[in-house]
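Peer 1: sequence first, predicted model second:
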Amino acid sequence: MAELHVIGELVGGRDFPNQNLFCKWEAVQGPAWERLAGEASGQTQVDHPLDGTFAKWAHPIDLFFSSKGIQGWPKLVVQVWSHDIYGRNDLVGYGFCHVPTQPGSHQIECHVWRPLGTGMQQLKSMLVGGGPHLTAPEIVFAPDDRYRLRTQAMGVVLFELGVIARNFEKFGVQL
């Protein structure tokens, strides 16, 4: 079986309008893939940057997959949240990126967006906080339904990943 090892970190986030940010992440792969080792999901600590521009998380990622093909290549799905002074957590946005297909070291920018919702939901969000959430989280990375959403860009999550691929050539795949 072909093997893929992903080692690195969720570095942080930039350009977000909120403070006190943390990030939830999850590795998602297709049915031809199996995660052999590593945590499939995680959550960073809350960071309140002094300069307000870059939230540093430095959260480790170490994943090991096996596969019989490349369909359903692994993705990293993120949700960025904001923690307020009253202990409430508000969703800032969603994003995803594919694990790089080339072996080596990679710096990845994962653009984060949030659904806008209706005019009434936007007004409610401004007055009492919160905001619309996706009822089906897989819409974040499923191209079939995502195009229907009205969204707003929120910021960028940065990853530094090292990718090691093994035995793909045995299955006729040249990376």
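Peer 2: Cool, got the structure.

Peer 1: start and end of stretch 78-87, how far apart?
Peer 2: Terminal residues of stretch 78-87 lie 21 Å apart, using CA to CA, to the nearest Å.

Peer 1: quick one, what contacts residue 8?
Peer 2: By CB atoms under 8 Å, 6 or more residues apart in numbering, the residues touching residue 8 are 60-61, 159-162. For the C-beta atoms, the positions are set from N, CA and C on the backbone; glycine is no exception.

Peer 1: highest neighbour count among the residues you listed?
Peer 2: residue 159 (23 neighbours; other CB atoms under 10 Å).

Peer 1: sorry, back to before: out of the contacts of residue 8, list just those in helices.
Peer 2: Of the contacts of residue 8, none are assigned to helices by DSSP state H.

Peer 1: look up how far residue 50 lies from the residue most central in space within the chain.
Peer 2: For the chain, residue 78 is the residue whose C-alpha lies nearest the centre (CA atoms, centre = their mean; 2.5 Å). Here the criterion is CB to CB, to the nearest Å. By it, residue 78 lies 23 Å from residue 50.

Peer 1: thinking again about what came up before, any idea which of the contacts of residue 8 is closest to residue 38?
Peer 2: The closest of the contacts of residue 8 to residue 38 turns out to be residue 61 (CB to CB; 7.7 Å).

Peer 1: so what's that closest one up against?
Peer 2: Residues near residue 61 by CB under 8 Å, 6+ apart: 6-10, 25, 38, 42, 76, 159, 161.

Peer 1: before we move on, what about residue 83?
Peer 2: By CB under 8 Å, 6+ apart, the contact set of residue 83 is 20-22, 46, 89.

Peer 1: let me have the residues you listed in JSON lines, extended by distance to residue 139, pLDDT and neighbour count.
Peer 2: What follows is the contacts of residue 83, written out as JSON lines (distance: CB to CB, whole Å; pLDDT from 0 to 100; neighbours: other CB atoms under 10 Å):
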{"residue": "20", "distance to residue 139": "26", "pLDDT": "89", "neighbour count": "16"}
{"residue": "21", "distance to residue 139": "22", "pLDDT": "92", "neighbour count": "25"}
{"residue": "22", "distance to residue 139": "22", "pLDDT": "94", "neighbour count": "20"}
{"residue": "46", "distance to residue 139": "26", "pLDDT": "89", "neighbour count": "16"}
{"residue": "89", "distance to residue 139": "21", "pLDDT": "86", "neighbour count": "14"}
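
Peer 1: now the residues you listed as TSV including secondary structure and distance to residue 138?
Peer 2: Shown next, in TSV, are those (DSSP: H, G, I helix; E, B strand; the rest coil; distance: CB to CB, whole Å):
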residue	secondary structure	distance to residue 138
20	coil	28
21	strand	23
22	strand	22
46	coil	26
89	strand	21
